[in-house]
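In: With the sequence up front, the predicted model follows.
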Amino acid sequence: MNMQTKAHPGGSGALAVKRKKGGLLDRLKEQKLLYVLMLPAIILTLMFSYVPMFGLYMAFINYQPGGGTFFKQFFTTDFVGLQWFHYFFTNGDFIRIMRNTLAQSFLSLLFGFPLPIMLALMINEMRNGWFKRTFQTVSYMPHFISWVIAANIIITMLSSGGVLNNILTGLHIVNEPIQFMQKGHLFWWIIAFSNAWKDMGFNAIMYLAAISAINPELYEVAKIDGASRLKQMLHITLPSIRPTIIILAILAVGGILNAGFDQQYLLQNNTVLEYSEVIDTYTYKYGLQNGMFSYGAAVGLFKSIVAFLLVISVNQLAKRTEEQALF
Amino acid sequence: MNTKKWALSLLTAVMSVSLISACSSNSSNKPSNNTGSSNTGTNESATKDPGTDPITITFFDKNTGDKFDNEVAKEITKRTGVTIEIQQPTGNPTEKLNLMLASDDLPDMIMFDRSSDLVAKYTEAGSIIPLNELIDKYGPDVKTMYGDVLNKTRYKDGNNYYLSNWYGLEHEPVFGFNMRKDIVKELAPDKAEGGVPFTQSEFKQLLTDYKAKYPQVDGKNTIPLIMNGENWGGTIGTFKGMFGLKPYFEHDGQLQYDVKDPKYKDMILYMNDLYRSGLMDKEWAINKQQVWEQKLATGNVFSSTGAYWDLGGANTILKKDKGDDSQLFAYKVVADGVDPSATTYGGRSSLGWDAISITKKNKNPERTMQLINFLASEEGQYLLMWGVEGKDWDMKDGKHVPRPETLESLKNDSTNFIKQTGIRKWTWFIKNGPGQDGTPYDLVGRYERSPIDQMAIKNLSDTVFDTAIYDGLNPQGGTPEALAEQKINDIMKQAITKAIMASSADEASATFDKMLADMKSAGDEKVEAVYTTNYAARKQLWN
């Protein structure tokens, strides 16, 4: 909502007009109808986003399930303070897992962020309506393929008898098939490429929507001034979708610790575990598979805190430099 | 333009969405609530007077999510008045069991893996009830059938919290080196019919000969030895069997990780040698179950590790495509310096695979025990495993005799037949071995043995050993030792995989040594101390 009002600073809506001087209470009273309408949303958010945060307490106790009800357990188990965090930071896993998470996220961003923008620009330049629509549909199709299937496709393609190795050996670029899935240092790249392939088309939709909102008069004026299509793209389209790009960049940086779960979980094997384990697969392994709920919760909480700080700081940065921010 | 209108419509949208979602969540909750209340309703009347009034018991069986509605199921309901409602175990039962314990949302009965630490967790939490009194009152047949097993499956407080299935030690093989018999006939004819084990070097020679003679089949490169990367236990277990390694390295009354056995390193170096000689599938570590099976079935693989029954799917296809002898049969390979009879291919627990418990949520423990008593009795065993008398089998001269059409259907279309009749569908409280008349309880698996089974029995029966004393010695969940154990397991899996696929023997050896050092810094001694303590306690309990 903020975004909207900021994007239309001249909006003379009733809300803006009524914002006279006066105490917070006066304003609340004045807008009470709106608050009543908002109530369900507030309750929902509280119920599903804030109340469950109570469970974070689990990270500070040695939670052993069973006995009584879930909440009763919270008070009967031992309080261990920061023991789980301490264990996470000192047992040597922390550095490896952070390295993998950041590296995979960074590489995924490197490919996954600019590619949709380029794709959107290219689709936008297409003339033929039928071809354009088909191309767009095909490009976001991979997004709807489940990772289970996608992972099997990727593993098959990269196996020693797979397409890629057949091409490489057929062209005599290599003599022996390369074991792509068993080379730890390649795992990050495989994740980055498969992420980019899978989400490129879908992410382009957002940019395409932004592009379609650009006032066509701008292009007409530019044409009269003699701007080529490339120039139009660089000087009209790109600057016009800049707010969208920035918002999405903020969101992407906030999610940098969300390197993913499905893809790593499905593509990894024992030979590359050193490079494939990210925070989410690690939390899952300890928390759910081995039932160490407290340890899993502690690692998850650590991740949330870092993600929170990242979003805040990037948002501040964007505010300062661009006057364009998420909140 | 009109912000107010816009805001209002947005809010209405949010409201309607929230209403819809609230409604849908209500409706999804309803069925479970209803069954819950109807349960308790019937239950109350039943507790007063155990009998055969119809009651419903919810059951989480980690092995099946099928409906309780086949012929055997109907017969069980008819005899005991109990209808069982099977709960969906989902993809990862362990995960669901952990969650059920945490949320205290328990069914009436649970079946878990006996050797997992879940049994201990549930016991510690008081979520499953001790069965001793119930067995004394309502379980005479349980007592006679289980015998000493009851004594050995006690928890450390001396109570029985579960009853196992597939209990009683059977001299049935497990792992082995499964090889194409037609190829063995060709390359090592004197050993094709089994009975004589291969030595370490003979096996390598055999793989090499195969590779030399058949570099390609149907234009595809052949694989002398394949392994299932997803089935770590089966893959490493086979090689461990060859070197006579046990679940733990035991010396001076101490239990240590198996990798500390000097023979374990020899094993890794041997595996590395096979890998470097190009005899092992280069992609074994990423082979998933289906890929492994598919590669086997195409006919360009000579041998595989694992249990002979795991290859059933591939063998069916090979038999159809190429003939009986092209199936993979289980053979024994013996490492240098190991006595052939001291190989450990067949780790089996005499105390059973799974553990079945009654939870504290069960409103009818007496009735449940009556049901258990019926199922565990000889009569119940033949019902569960052979089907309904007069339909699937008959009693002739005091002996159980299966009807020919039953055997025929089991052979031709076992999956559907089992689903429809319920024979061997519910593997609860199953005892190994023969009944009083000498016929085996397990009609499907033990009555008529296929040539593959017979070969495995011939070659590997003497490799069976009882793992019961080693099962579930792990540290309790949530302790620092449990965390360390998990980390050490990760270290071992990675390092062993790496060492097997090292590019030189020196590298393999160095990787292995580094693993031992890493394990040490991860605190392996503390974990081993827990193993040793639990082991000693177990021994004391059993004596």
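Out: Structure received.
In: residues in the stretch 151-300 of chain A within reach of chain B, list them.
Out: With the criterion set to CB under 8 Å from any CB of the partner chain, the stretch 151-300 of chain A comes near chain B through A:155, A:159-161, A:179, A:181-182, A:269-271, A:273-274, A:285-286, A:288-295. Bear in mind the C-beta positions are built from the backbone N, C-alpha and C, glycine included.
In: Now, of the residues you listed, which are buried?
Out: Of the members of those, the ones counted as buried by neighbours, 16 or more other CB atoms under 10 Å in any protein chain shown, are A:155, A:159-160, A:179, A:181-182, A:269-271, A:273-274, A:285-286, A:288, A:290-295.
In: Just the pLDDT for the residue of the stretch 201-350 of chain B found nearest chain A.
Out: Evaluated by CB to the nearest CB, the stretch 201-350 of chain B has residue B:286 as its residue closest to chain A, separated by 4.5 Å. Predicted confidence (pLDDT) at residue B:286: the value is 86.
In: can you give me the helices for the stretch 401-543 of chain B?
Out: Chain-ordered helices for the stretch 401-543 of chain B, with DSSP state H, counting those that start in this stretch as the definition, fall at B:404-412, B:414-421, B:451-460, B:480-500, B:505-521, B:524-542.
In: Any idea which of these gets closest to residue B:245?
Out: helix B:480-500 (12.7 Å; CB to CB).
In: Can you tell me how far residue A:170 is from chain B?
Out: Taking CB to the nearest CB, to the nearest Å as the criterion, residue A:170 is separated from chain B by 14 Å.
In: do residue A:167 as well
Out: Note on residue A:167: its distance to chain B, by CB to the nearest CB, is 17 Å.
In: gap between that residue and residue B:283?
Out: When distance is defined by CB to CB, to the nearest Å, residue A:167 is 18 Å away from residue B:283.
In: what do you get for residue A:270?
Out: Applying CB to CB, one obtains 12 Å for the distance of residue A:270 from residue B:283.
In: Next: residue B:138.
Out: Distance from residue B:138 to residue B:283, counting by CB to CB: 54 Å.
In: repeat for residue B:106
Out: Note on residue B:106: its distance to residue B:283, by CB to CB, is 43 Å.
In: How about residue B:188?
Out: Relative to residue B:283, residue B:188 is positioned 27 Å away (CB to CB).
In: ok, those two, which is more surrounded?
Out: residue B:283 (24 against 18; other CB atoms under 10 Å in any protein chain shown).
In: so what's the more buried one up against?
Out: A:159, A:160, A:179, A:181, A:182, B:229 (CB atoms under 8 Å, 6 or more residues apart in numbering or on different chains).
In: quick one: secondary structure of the second one?
Out: Following DSSP: H, G, I helix; E, B strand; the rest coil, residue A:160 is assigned to coil.
In: Just confirm it contacts residue A:182, I think it does.
Out: No: in terms of CB atoms under 8 Å, residue A:160 does not count as a neighbour of residue A:182; the distance is 9.8 Å.
In: quick one, what contacts residue B:72?
Out: The contact partners of residue B:72, by CB under 8 Å, 6+ apart, come to B:383, B:384, B:387, B:388, B:421, B:422, B:423, B:425, B:426.
In: on contacts alone, who are the packing partners of the helix or strand containing residue B:236?
Out: Mapping residue B:236 onto the secondary structure by DSSP states H and E places it in helix B:232-242. The elements that helix B:232-242 packs onto, with contact taken as 3 or more CB pairs under 8 Å, 6 or more residues apart in numbering or on different chains; DSSP states H and E, are helix B:262-276, strand B:346-348.
In: now what about the last one, what contacts it?
Out: In other words, strand B:346-348. Applying CB under 8 Å, 6+ apart, the set of residues contacting strand B:346-348 from outside is B:169-170, B:172-175, B:237, B:241, B:246-247, B:460-461, B:463-467.
In: That one pairs with which strands, parallel or anti?
Out: Strands adjacent to strand B:346-348 in the sheet, as given by DSSP bridges, are strand B:464-466 (parallel).
In: pretty sure residue B:202 belongs to a helix, no?
Out: Yes: looking at residue B:202 with three-state DSSP, it is inside a helix.
In: quick one, phi psi at the nearest residue to it once chain neighbours are set aside?
Out: The shortest distance from residue B:202 to any residue other than its chain neighbours is 7.3 Å, reached at residue B:188 (CB to CB, 6 or more residues apart in numbering or on different chains). Torsion angles at residue B:188 (phi, psi; degrees, to the nearest 10) stand at phi -140, psi 70.
In: my read: residue B:188 touches residue B:207, true?
Out: No: here residue B:188 lies out of contact with residue B:207, judged by CB under 8 Å, at a distance of 11.1 Å.
In: thinking again about what came up before, from the contacts of residue B:72, list the buried ones, please.
Out: By the neighbour-count criterion of 16+ other CB under 10 Å, the contacts of residue B:72 include these buried positions: B:383, B:384, B:387, B:388, B:421, B:422, B:423, B:425, B:426.
In: tell me the contacts of the closest residue to the third one other than its chain neighbours?
Out: This means residue B:387. Leaving aside its sequence neighbours, residue B:387 sits nearest to residue B:423 (CB to CB, 6+ apart; 4.4 Å). In this structure, residue B:423 makes contact with B:72, B:385, B:386, B:387, B:392, B:406, B:410, B:417, B:443, B:444, judged by CB under 8 Å, 6+ apart.
In: how close does the second one get to chain A?
Out: With distances taken as CB to the nearest CB, residue B:385 is found 33 Å from chain A.
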